[in-house]
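S.K.: Sequence first, then the predicted structure, then my questions.
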Amino acid sequence: MYFARASLILAAVANAASIPNGKRDTGLEVTLTAAEGSVADVIATVKNVGAESLNLLTLGTFLDAAPVQKLAVVDEANAPVAFTGVYRSIQYSNDLSDNYFKLLAAGESFNTTINAAAVHDLKSGTYSFSAEGAIPFAIGDSKELTDNAVTYKTNVLTMAVDGEAAKLAPKAIPEMTIAERTVLQSGCTSSNKAATTAALSSCASLARAASTAAKSGSSSKFSEYFKTTSSSVRSTVAARLSAVATQCGSITSGGTKYYCTDVYDYCESNVLAYTLPSTNEIVNCPLYYSDLPLLSSTCHAQDRATTSLHEMTHAPATYSPGTDDNAYGYSASIALSSASAVLNADSYALYANAIYVGC
Ligand SMILES: *[C@@H]1O[C@H](CO)[C@@H](O)[C@H](O)[C@H]1NC(C)=O
């Protein structure tokens, strides 16, 4: 999922020394418990432990009603269980609908139930569930997002799952049989096809340059986005970016499929694009074509090239494991831990933009 962050960028530029999250006295405590009698439902109790009332962004975050990724799930051998829901890219502006916010007063809490069996293939056994991320917010009942994000890290919940019951549980994304095709699917108008082709080509150049920078460029620039200078992390990031360059570099071959039309019906207002990791399919929404430039030279601005780069990192066929949406936008992404940033799609898009722009 990907936010159009234009208004946030203006705020960030105007306020170059943005306030670190800690100084605002915000905090979220998220506690996971097992829902009795369910196949694999997890109750998340979300408590505002800071001093201010927060209007939390739900769209594309841990609080979204859509089957976006909310939990990291590992099996008994500590191996991650693949996510089979949807990563949606959302337009990040100051005129988001009220429906996309959840107001949580200081000291208050609420429960939300997450159906893990709908977006993970679970067998019989014991699984561990956890979540870590950063949620953009406005203060009080305002809808004007600050350029901060409130971070959270849950407990690790272990839960025994009955594989037979999990197998029968309805899936969030019904299986569809779409014939095997090459990367860029038919059904694009000629102008959308041209826009997509140009974006994928720019995506390839940006990813290639960012891969080189990750491998051998400035270590402080790398550390700004990925919170470490470890050479093994640098090679992982470089390898993923190089794999993105390969995927974006061809519209006629590769492991991902790319659509100009909303084949799965997940576009809505403010959604730019989405990725189904289980099938390695990427869909551009009408907003991708109408609201984004091909390539921006503004620091941390969104464009089609970095949106496609962001989506490509989600696909396990590009590089496995695929990335998650742990945070969106610069402030939230650089607030993540290193391990979380390395698996965060927007960290790659932002880093590639910064290497291209030179900011
Ligand atoms: C929220 O969930 C917790 C943990 O399962 C439970 O103890 C509490 O009663 C729930 N609160 C509400 C309001 O449902």
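M.R.: Yep, it's here.
S.K.: where does residue 211 sit relative to the ligand, distance-wise?
M.R.: Using C-beta to the nearest ligand atom, to the nearest Å, we find residue 211 at a distance of 44 Å from the ligand. Every residue, glycine included, has its C-beta placed from N, CA and C.
S.K.: in the stretch 51-200 of the chain, which spans are strands?
M.R.: For the stretch 51-200 of the chain, the strands defined by DSSP state E, counting those that start in this stretch occupy 54-57, 72-74, 87-90, 101-104, 109-115, 125-130, 132-139, 149-153, 157-161.
S.K.: Tell me which of these sits most buried.
M.R.: The highest mean neighbour count among these, using mean count of other C-beta atoms under 10 Å, belongs to strand 87-90: a mean of 29.
S.K.: Can you list the strands that that one pairs with?
M.R.: strand 271-276 (antiparallel) (DSSP bridges).
S.K.: averaged over its residues, what pLDDT does the strand it pairs with have?
M.R.: When pLDDT is averaged over strand 271-276, the result is 94.
S.K.: Show the subsequent helix or strand relative to it.
M.R.: strand 281-284 (DSSP states H and E).
S.K.: list the buried ones in that next one?
M.R.: Using 16 or more other C-beta atoms under 10 Å as the test for burial, strand 281-284 gives 281-284.
S.K.: go on, stretch 250-260?
M.R.: 251, 254, 256-260.
S.K.: Give me the pLDDT for residue 25.
M.R.: With respect to pLDDT, residue 25 has a value of 78.
S.K.: phi, psi of the most centrally placed residue in the chain?
M.R.: By C-alpha atoms, centre = their mean, the mean C-alpha position of the chain lies nearest to residue 325, the distance being 2.0 Å. Note on residue 325: backbone dihedrals following degrees, to the nearest 10 are phi -110, psi 80.
S.K.: Tell me if I'm right that it and residue 87 touch.
M.R.: Yes. Using C-beta atoms under 8 Å, residue 325 is in contact with residue 87, at 5.6 Å.
S.K.: who touches both of these two?
M.R.: Common neighbours of residue 325 and residue 87, using C-beta atoms under 8 Å, 6 or more residues apart in numbering, are 1, 68-69, 314, 345.
S.K.: Reformat those into a markdown table and put distance to the ligand and neighbour count next to each item.
M.R.: Formatted as a markdown table, the shared contacts of residue 325 and residue 87 follow (distance: C-beta to the nearest ligand atom, whole Å; neighbours: other C-beta atoms under 10 Å):
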| residue | distance to the ligand | neighbour count |
| --- | --- | --- |
| 1 | 27 | 28 |
| 68 | 21 | 24 |
| 69 | 21 | 25 |
| 314 | 31 | 28 |
| 345 | 30 | 26 |
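S.K.: Which two among the buried residues of stretch 250-260 are spaced furthest apart?
M.R.: Spatial extent of those (C-beta to C-beta) is set by the pair 254 and 260 at 16.3 Å.
S.K.: Distance check, residue 124 against the ligand.
M.R.: Taken as C-beta to the nearest ligand atom, the span from residue 124 to the ligand is 24 Å.
S.K.: again, but for residue 317
M.R.: Per C-beta to the nearest ligand atom, residue 317 is found 38 Å from the ligand.
S.K.: Just confirm that residue contacts residue 255, I think it does.
M.R.: Yes. At 3.0 Å, residue 317 counts as touching residue 255 under the criterion of C-beta under 8 Å.
S.K.: Quick check: neighbours shared by those two?
M.R.: In terms of C-beta under 8 Å, 6+ apart, residue 317 and residue 255 are both contacted by the residues 247, 280.
S.K.: Straight-line length of stretch 112-127, end to end?
M.R.: In stretch 112-127, first residue to last residue: 20 Å (C-alpha to C-alpha, to the nearest Å).
S.K.: distance between it and the chain's centre?
M.R.: Distance, stretch centre to chain centre, for stretch 112-127: 20 Å (C-alpha atoms, centre = their mean, to the nearest Å).
S.K.: average pLDDT for the lengthiest helix in the chain?
M.R.: Longest helix in the chain by number of residues, with DSSP state H as the criterion: helix 190-216. What helix 190-216 shows for mean pLDDT is 96.
S.K.: May I see the buried residues of that helix?
M.R.: Using 16+ other C-beta under 10 Å as the test for burial, helix 190-216 gives 192-193, 195-196, 199-211, 213-215.
S.K.: per-residue pLDDT, the residue nearest to the centre of the chain?
M.R.: Per-residue pLDDT puts residue 325 at 89.
S.K.: From the ligand, how far off is it?
M.R.: 25 Å.
S.K.: And residue 296, by the same measure?
M.R.: Taking C-beta to the nearest ligand atom, one finds residue 296 at 43 Å from the ligand.
S.K.: Tell me which helix or strand that residue sits in.
M.R.: Assigned by DSSP H and E, residue 296 falls within no helix or strand.
S.K.: right, and it touches residue 303 too?
M.R.: Yes. With contact taken as C-beta under 8 Å, residue 296 and residue 303 are classed as touching, separated by 4.2 Å.
S.K.: Get me the contact residues on the stretch 1-150 of the chain for the ligand.
M.R.: Contact residues (C-beta under 6 Å from any ligand atom) of the stretch 1-150 of the chain with the ligand: 33, 43, 45, 111.
S.K.: Any chance of CSV for these, columns pLDDT, distance to residue 271 and secondary structure?
M.R.: CSV is the format used below for those (pLDDT from 0 to 100; distance: C-beta to C-beta, whole Å; DSSP: H, G, I helix; E, B strand; the rest coil):
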residue, pLDDT, distance to residue 271, secondary structure
33, 98, 31, strand
43, 97, 27, strand
45, 98, 28, strand
111, 96, 26, strand
